[in-house]
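Peer 1: Predicted model follows, preceded by the sequence.
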Amino acid sequence: MLPEKDSKRLGEKDPKEDPSVTLFREYLRIKTVQPEPDYDSAVKFLERIASELGLQCQKVEVCPGRVITILTWKGTNPQLRSILLNSHTDVVPVFEESWRYDPFAAFKDSDGNIYARGAQDMKCVSIQYIEAIRRLKAEGRHFPRTVHMSFVPDEEIGGHKGMEMFVKRPEFITLNVGFALDEGLANPSDTFTVFYGEKCPWWIKVKVEGNPGHGSRFIEDTAAEKLHRVITSFLEFREREKQRLKSEKHLTLGDVTSLNLTMLNGGISFNVVPCEMSAAFDIRIPPTVDLKAFEEQLTAWCRAAGEGVTYEFHQKYTDQSMTSTEESDPWWKVFSGTCKDMNMKLKCEIFPAATDSRYIRAAGHPAIGFSPMNRTPVLLHDHNEFLNEQVFLRGIEIYAHLIPALASVPPLQAEI
Ligand SMILES: [Zn+2]
């Protein structure tokens, strides 16, 4: 837990600390933790930033208690499509007893590592956007394209009452988005990972019916036997994908289908053979997989398991939009070119899980998932999540180059 010495300093300003780091730590202390995030405090914090920076602030309540906050820096040619810098305000729960420090104190150790839930996912990025814009505004810079920062709730629980609703609202359409940046992942090496697509999550519950009876007898066609066959087919497929990832060196987790058996249900008593059982699977499918053929395969495995085997979807995402990483793409050319100018090594991947970028892409806008954290272990959702202040500060510098470049992309064919 939090050492005595630092707890006294909490909330006090360290005169030697970079003010951007102080602001980051302040934001980390707002408890926007699921399942009951303090969104009101986050919105108040963002309103304060908007007035500090002289940015327009718009709040869109997509459903009760779920507000999207948009800070806007108007371009000199606001007719052009805008740049959207998106981040989510919520963070995942913690097991406090497993943390070295209080996860909402934003303790900084002598190496400059800042420990807090959200340090990587993704309060760092929110403050990096803000601080890059603060710097550019202080330098008196102006760019043709409008830049919007959107701060959205509920990403960590699927974004259904957040970005998924927002992209369908007239207020989103009015943003006139040309290109979006959203979250990525840390990379322990020198390289920065960027994500141009995401897997489709499918949550499937397979229900099997069978003959019931007394637990002392050999009943024919029991639910358990059928479920055994279903689980075997699904887990054999899992093993094949796992081996493929292991043996083909160029593949990453984003390139193969992951599958896990996550829940088993059924039965009422030790001595009763039940007439119904079920198994739940979490499947994540790369955007390059033929979804129709994949579902036919699932159906075939269920059919082969016997009579009375059915499945239902609890989540079935089918949009497979990917953002272009071709040199001919004007947005990618500027994004990757600017990174190259800063001597950054990029690695393009499919995001192994799901983020709000999928809703932006599904709405027809290119989006790149990018959290500028190299030389950093991937600790999202882990105990003792931290980010080093030097890596954090370098991220501000990176955005201070990316934002001007993207906001100055010349008018595209469709905009003339
Ligand atoms: Zn996140």
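Peer 2: Perfect, I can see it now.
Peer 1: For the ion, what's its nearest residue on the chain.
Peer 2: Checking the chain residue by residue against the ion with CB to the ion singles out D121 as nearest, at 4.1 Å. (Each C-beta comes from the backbone N, C-alpha and C, glycine too.)
Peer 1: And for that residue, nearest residue in space, chain neighbours not counted?
Peer 2: L380 (3.9 Å; CB to CB, 6 or more residues apart in numbering).
Peer 1: For the one you found, which residues are in contact?
Peer 2: For L380, the contacting residues are V92, Q120, D121, L185, A186, by CB atoms under 8 Å, 6 or more residues apart in numbering.
Peer 1: swap in K108?
Peer 2: With contacts taken as CB under 8 Å, 6+ apart, K108 has the following neighbours: D6, V21, R25, I114, Y115, E389.
Peer 1: what's the burial count for S82?
Peer 2: 23 (other CB atoms under 10 Å).
Peer 1: before we move on, back to that, using the three-state scheme, assign the residue of the chain closest to the ion.
Peer 2: Under the three-state scheme (DSSP: H, G, I helix; E, B strand; the rest coil), D121 adopts coil.
Peer 1: which phi and psi does it have?
Peer 2: Backbone geometry at D121, expressed as degrees, to the nearest 10, gives phi -120, psi 90.
Peer 1: V91 is in contact with that one, correct?
Peer 2: Yes - using CB atoms under 8 Å, D121 and V91 qualify as a contacting pair, with a distance of 6.8 Å.
Peer 1: Make sure D341 is actually in contact with I398.
Peer 2: No - contact criterion CB under 8 Å: D341 and I398 do not qualify, at 10.8 Å.
Peer 1: Among the two, which residue is more densely surrounded?
Peer 2: It is I398, of D341 and I398, that has more neighbours when counted by other CB under 10 Å, with 19 against 10.
Peer 1: quick one: that one is in a strand?
Peer 2: No - according to three-state DSSP, the state of I398 is helix, so it is not within a strand.
Peer 1: residue contacts, the nearest residue to E225 once chain neighbours are set aside?
Peer 2: Computed as CB to CB, 6+ apart, the closest residue to E225 that is not its neighbour in sequence is G210, at 6.9 Å. G210 is in contact with 219, 221-226, 273-277, 306, 308, counting by CB under 8 Å, 6+ apart.
Peer 1: Let me know the pLDDT of G210.
Peer 2: Confidence per residue is given as pLDDT, and for G210 that number is 98.
Peer 1: swap in I416?
Peer 2: Here the pLDDT value assigned to I416 is 78.
Peer 1: The chain should start at 4 in everything you say after this.
Peer 2: From this message on, residue numbering opens at 4, which makes the last subject I419.
Peer 1: how close does P106 sit to M347?
Peer 2: Separation of P106 from M347 (CB to CB, to the nearest Å): 30 Å.
Peer 1: neighbour count winner among those two?
Peer 2: Set P106 next to M347 and count neighbours by other CB under 10 Å: P106 wins out with 26 against 18.
Peer 1: What about the residue of the chain closest to the ion, how many residues nearby?
Peer 2: Considering only other CB under 10 Å, D124 is surrounded by 28 other residues.
Peer 1: Residues of this structure that sit close to the ion?
Peer 2: Those residues of the chain that sit near the ion, judged by CB under 5 Å from the ion, are D124, M125, E186.
Peer 1: With distance to L262 and pLDDT added, can I get those in CSV?
Peer 2: Rendered in CSV, the data for those read as follows (distance: CB to CB, whole Å; pLDDT from 0 to 100):
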residue, distance to L262, pLDDT
D124, 24, 96
M125, 27, 97
E186, 24, 98
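Peer 1: quick check, nearest of these to A366?
Peer 2: Within those, the smallest distance to A366 is 17.1 Å, found for E186 (CB to CB).
Peer 1: doesn't L88 make contact with that closest one?
Peer 2: No - using CB under 8 Å, E186 and L88 do not qualify as a contacting pair, with a distance of 10.8 Å.
Peer 1: Please identify which of those two sits among more neighbours.
Peer 2: Neighbour comparison, E186 and L88: the larger count goes to L88, with 26 against 23 (by other CB under 10 Å).
Peer 1: so can I have TSV of the residues of the chain next to the ion showing distance to P67?
Peer 2: Written out in TSV, the entries for the residues of the chain next to the ion read as follows (distance: CB to CB, whole Å):
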residue	distance to P67
D124	26
M125	24
E186	26
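Peer 1: Quick check: which ranges of the chain have low pLDDT?
Peer 2: Low-confidence segments of the chain (pLDDT under 70): 4-16.
Peer 1: which residue is nearest the middle of it?
Peer 2: In the chain, the residue lying closest to the centroid (CA atoms, centre = their mean) is T358, at 3.2 Å.
Peer 1: The longest helix along the chain: how far from the chain's middle?
Peer 2: Among the elements of type helix in the chain, defined by DSSP state H, the one spanning the most residues is helix 226-250. Taking the mean of its C-alpha atoms, helix 226-250 sits 27 Å from the chain's own mean (CA atoms, centre = their mean, to the nearest Å).
Peer 1: quick one: buried residues of the one helix or strand V70 maps to?
Peer 2: With secondary structure defined by DSSP states H and E, V70 is part of strand 69-76. Of all the residues in strand 69-76, those buried under the rule 16 or more other CB atoms under 10 Å are R69, V70, I71, T72, I73, L74, T75, W76.
Peer 1: Also stretch 375-388?
Peer 2: Residues of stretch 375-388 classed as buried by neighbour count (16+ other CB under 10 Å): P375, M376, N377, T379, L382, L383, N387, E388.
Peer 1: Now intersect those with the helices, please.
Peer 2: Checked against DSSP H, the buried residues of stretch 375-388 include nothing in helices.
Peer 1: And those, which two are furthest apart?
Peer 2: Using CB to CB, these span at most 20.9 Å, a distance reached by P375 and N387.
Peer 1: before we move on, back to that, in the longest helix of the chain, which residues are buried?
Peer 2: Of the residues in helix 226-250, those with enough neighbours to count as buried (16+ other CB under 10 Å) are A226, K229, L230, R232, V233, I234, S236, F237, F240, R241, E244, L248.
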